[in-house]
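A.B. asks: sequence and predicted model, in that order:
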Amino acid sequence: MAISKKELEFNINDDQMRLKISALERELAIVAEGGGKKRIEKLHESGKLSARERIDLLLDPNTDRFEVGALAGYGMYKEHGGCPSAGVVVVIGYVSGKQCIVVANDATVKAGAWFPITGKKNLRAQEIAMENRLPIIYLVDSAGVYLPMQDEIFPDKEHFGRIFRNNAVMSSMGIVQIAAVMGSCVAGGAYLPIMSDESLIVNKTGTIFLAGSYLVKAAIGESIDNETLGGATTHTEISGVCDYKTENDQECLATIRNLMDKIGQPENAGFDRKEAKTPKEPLKNVYGILPADRSKPYSTKELIKCLVDDSEFTEYKEDYGKSIICAYARIDGWAVGIVANNREIVKSAKGEMQFGGVIYSDSADKSARFIMNCNQKNIPLVFLQDVTGFMVGSKSEHGGIIKDGAKMVNAMANSVVPKFTVVTGNSYGAGNYAMCGKAYDPRLIVAWPTAEIAVMSGASAAKVLLQIEVASLKSKGEEITPEREKELYDTIKNRYDEQISPYYAASRIWIDAIIDPAETRKVISMGIEMASHKKAEKPYNVGVIQT
């Protein structure tokens with residue numbers, strides 16, 4: 001039997017998505033090795049486990065987990081030997097049945113030293129803990145600030161010192177903090193264990209001091225070894241800095257599990273959850289729905305059916321503002337409000353054709369109202385981004401697109417229910433903002449391997465930049481042949497394409513992770529569960545909106 005054109009396109013899309021997922025898995029496997037197998041073996045020889053081995057032992061077996069920022073630092077700091085996963089592993093998971101976030105220094109990467117991106121990733125972990133009242137566990141094994149880049153990590157507001165400010169603030173908020181010193185803990189970093197609720201230290205491998213033995217000798221002339229200066233015996237028997245002395249990594253992690261087992265239950269934010277149902281449409285069907293050519297239209301509703309329970313959703317204002325789909329549904333049992341860019345070409349009520357992925361005035365107006373309704377009903381919001389931006393031109397400007405766009409941004413930015421963002425495809429310009437980009441505090445923001453995040457597409461940006469470059473060269477008297485123009489265009493586009501890649505965004509923590517689309521339901525469900533630990537602290541108020 002001959003295969004139909006639709007089936008052929010589905011298969012091509014599916015193949016392209018699977019290739020992107022395979023490439024992602026290869027990169028994640030490399031990142032998981034940290035500083036490399038030889039350095040992991042060296043850790044083992046000294047009686048220590050790697051950061052990821054420690055996390056594996058700490059978390060409850062056979063439970064869901066979500067790694068935040070696995071690709072942080074990707075392709076960065078090449079002149080310094082690189083910084084895989086920013087030299088720190090951050091995972092949201094479960095310890096003794098309690099959901100928490102774990103932050104583990106990777107001592108195989110420059111002895112766990114802090115690069116600028118390391119600081120940003122640690123602060124993101126603390127931000128997640130504070131936003132969601134999530135217990136946080138620090139597995140400390142770090143040489144402190146990476147000195148060759150100290151000016152980029154030490155003195156500013158969002159630098160190294162912010163960590164300890166956050167320790168103090170989280171303590172005042174009643175957020176459980178447990179710190180385990182399983183290696184070096186030096187200089188300013190030495191404040192972290194004592195600023196946590198409880199601290200543990202591993203005998204013979206864990207050390208805490210403001211200055212090591214060499215610096216002490218240079219500063220005050222005292223000769224002393226590191227173990228006597230700040231080892232486990234010193235800090236559990238003499239200084240009282242640490243609460244528990246353990247003999248090895250395994251005992252330390254088991255003690256943390258016992259401590260977590262005793263903590264009280266968190267408050268409940270009251271989000272509605274029923275028994276989860278799997279989608280009727282196979283989740284991996286999204287592989288074939290999303291076109292390999294990102295400019296082609298597709299059915300966003302079919303994509304939503306693959307993500308929501310029983311493939312059922314109730315669409316809000318279905319026949320109005322069709323370039324955005326707003327719908328109530330459930331994901332893994334949780335009630336959610338979905339705001340998704342419609343990638344089909346549709347006809348408005350006025351008979352006008354609307355391009356897929358573009359936000360028009362009526363869609364912005366509808367979305368604002370829907371977001372307000374979700375806040376009224378205490379329903380978490382899920383944004384599915386595949387947006388090229390707001391509609392431009394005189395007709396849109398005269399119709400008040402800026403006013404309606406501002407209304408949508410205002411409603412979204414002031415939301416008191418938690419927001420979760422999935423970048424499935426394009427995320428361009430002001431569309432990124434309106435659809436809850438990173439600047440608008442989504443509790444989690446993830447991207448599929450098909451995502452592109454930038455002011456505009458690579459082709460559009462290259463054309464604009466090419467015009468500027470050509471004009472500049474001509475003003476200097478250079479003759480621009482068609483061949484030279486193509487060479488310039490290709491150079492500009494290749495550079496821009498690298499910057500719009502989801503890997504570029506993930507390396508700088510503009511997104512929390514690149515995920516296999518099949519993991520989307522799990523990530524959203526874990527996110528809503530952690531968000532349920534904290535009730536809204538203020539009433540919903542959108543402020544001044546022009547109507």
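C.D. replies: Received the coordinates, thanks. Numbers count the residues shown, from 1 in each chain.
A.B. asks: low-scoring stretches of the stretch 1-150 of the chain, by residue?
C.D. replies: Counting by pLDDT under 70, the ranges of the stretch 1-150 of the chain that qualify are 1.
A.B. asks: would you list the phi and psi of Ala406?
C.D. replies: Ala406 adopts backbone torsions of phi -60, psi -40, taken as degrees, to the nearest 10.
A.B. asks: state the distance from it to Pro193.
C.D. replies: Going from Ala406 to Pro193 by CB to CB, to the nearest Å gives 47 Å. C-betas here are computed from N, CA, C, even on glycine.
A.B. asks: the two: which has the busier surroundings?
C.D. replies: Neighbour comparison, Ala406 and Pro193: the larger count goes to Pro193, with 26 against 18 (by other CB atoms under 10 Å).
A.B. asks: helix or strand for the more buried one, which one?
C.D. replies: Using DSSP states H and E, Pro193 maps to helix 191-195.
A.B. asks: middle-most residue in the protein, spatially?
C.D. replies: Asp512 (1.2 Å; CA atoms, centre = their mean).
A.B. asks: residue contacts, that residue?
C.D. replies: By CB atoms under 8 Å, 6 or more residues apart in numbering, the residues touching Asp512 are Val68, Gly69, Arg124, Leu444, Ile445, Val446.
A.B. asks: quick check: the third one touching Val68?
C.D. replies: Yes - judged on CB atoms under 8 Å, Arg124 makes contact with Val68 at a distance of 6.7 Å.
A.B. asks: now the common contact residues for the two.
C.D. replies: Val90, Asp512.
A.B. asks: neighbour count for these two, which is higher?
C.D. replies: Val68 (22 against 18).
A.B. asks: quick check: the gap between the nearest residue to that one once chain neighbours are set aside and Ala518.
C.D. replies: Closest residue to Val68 apart from its sequence neighbours, by CB to CB, 6 or more residues apart in numbering: Val90 at 4.4 Å. Distance, Val90 to Ala518, using CB to CB: 22 Å.
A.B. asks: which residue of these two possesses the greater neighbour count?
C.D. replies: Ranked by neighbour count (other CB under 10 Å), Val90 and Ala518 place Val90 first, with 26 against 15.
A.B. asks: doesn't the more buried one belong to a helix?
C.D. replies: No - the assignment for Val90, made by DSSP: H, G, I helix; E, B strand; the rest coil, is strand rather than a helix.
A.B. asks: contacting residues for it?
C.D. replies: Val90 neighbours (CB under 8 Å, 6+ apart): Glu67, Val68, Gly69, Ile101, Val102, Val103, Ala104, Lys121, Asn122, Arg124, Ala125.
A.B. asks: tell me the bridge partners for the first one.
C.D. replies: Meaning Glu67. For Glu67, the beta-bridge partners under DSSP bridges are Val91.
A.B. asks: isn't it right up against Val89?
C.D. replies: Yes - at 7.2 Å, Glu67 counts as touching Val89 under the criterion of CB under 8 Å.
A.B. asks: for Met76, grab the count of nearby residues.
C.D. replies: Count around Met76 with other CB under 10 Å applied: 18.
A.B. asks: please apply the same query to the one 4 residues further on.
C.D. replies: For His80, the number of neighbouring residues by other CB under 10 Å comes to 13.
A.B. asks: and the helix holding Pro193, what does it pack against?
C.D. replies: Using 3 or more CB pairs under 8 Å, 6 or more residues apart in numbering; DSSP states H and E, the elements in contact with helix 191-195 are strand 136-142, helix 162-173, strand 177-186.
A.B. asks: compare the ones you listed and give me the one nearest Gly333.
C.D. replies: With CB to CB as the measure, strand 136-142 is the member of these nearest Gly333 (26.0 Å).
A.B. asks: partner strands of the closest one, with direction?
C.D. replies: strand 98-105 (parallel), strand 177-186 (parallel).
A.B. asks: the host helix or strand of Arg330 pairs with which strands?
C.D. replies: According to DSSP H and E, Arg330 maps onto strand 324-331. Here strand 324-331 is paired, per DSSP bridges, with strand 313-316 (antiparallel), strand 334-341 (antiparallel).
A.B. asks: I'd like the next helix or strand past the longest one.
C.D. replies: In other words, strand 334-341. By DSSP H and E, the next helix or strand past strand 334-341 is strand 346-347.
A.B. asks: the stretch 401-547 of the chain: strands as residue ranges?
C.D. replies: 419-428, 444-447, 452-454, 513-514 (DSSP state E, counting those that start in this stretch).
A.B. asks: now the helix ranked longest in the chain: how far from the chain's centre is it?
C.D. replies: Secondary structure of the chain per DSSP state H: the longest helix is helix 5-32. Counting by CA atoms, centre = their mean, to the nearest Å, helix 5-32 is centred 21 Å from the centre of its parent chain.
A.B. asks: what is that helix packed up against?
C.D. replies: helix 286-289.
A.B. asks: with just CA atoms, put the helix or strand following the helix it packs on into CSV.
C.D. replies: Using DSSP H and E, the helix or strand that follows helix 286-289 in sequence is helix 300-307. Extracted C-alpha coordinates of helix 300-307, given in CSV (Å, rounded to 0.1, in the frame of the first residue of the first chain):
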residue,chain,number,x,y,z
THR,A,300,-0.8,22.6,17.8
LYS,A,301,-4.0,21.0,19.1
GLU,A,302,-2.6,17.6,18.0
LEU,A,303,0.6,18.3,19.9
ILE,A,304,-1.5,19.2,23.0
LYS,A,305,-3.4,16.0,22.8
CYS,A,306,-0.1,14.1,23.2
LEU,A,307,0.7,16.0,26.4
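A.B. asks: may I see the buried residues of helix 300-307?
C.D. replies: Neighbour counts over helix 300-307 (16 or more other CB atoms under 10 Å) mark Thr300, Lys301, Leu303, Ile304, Lys305, Cys306, Leu307 as buried.
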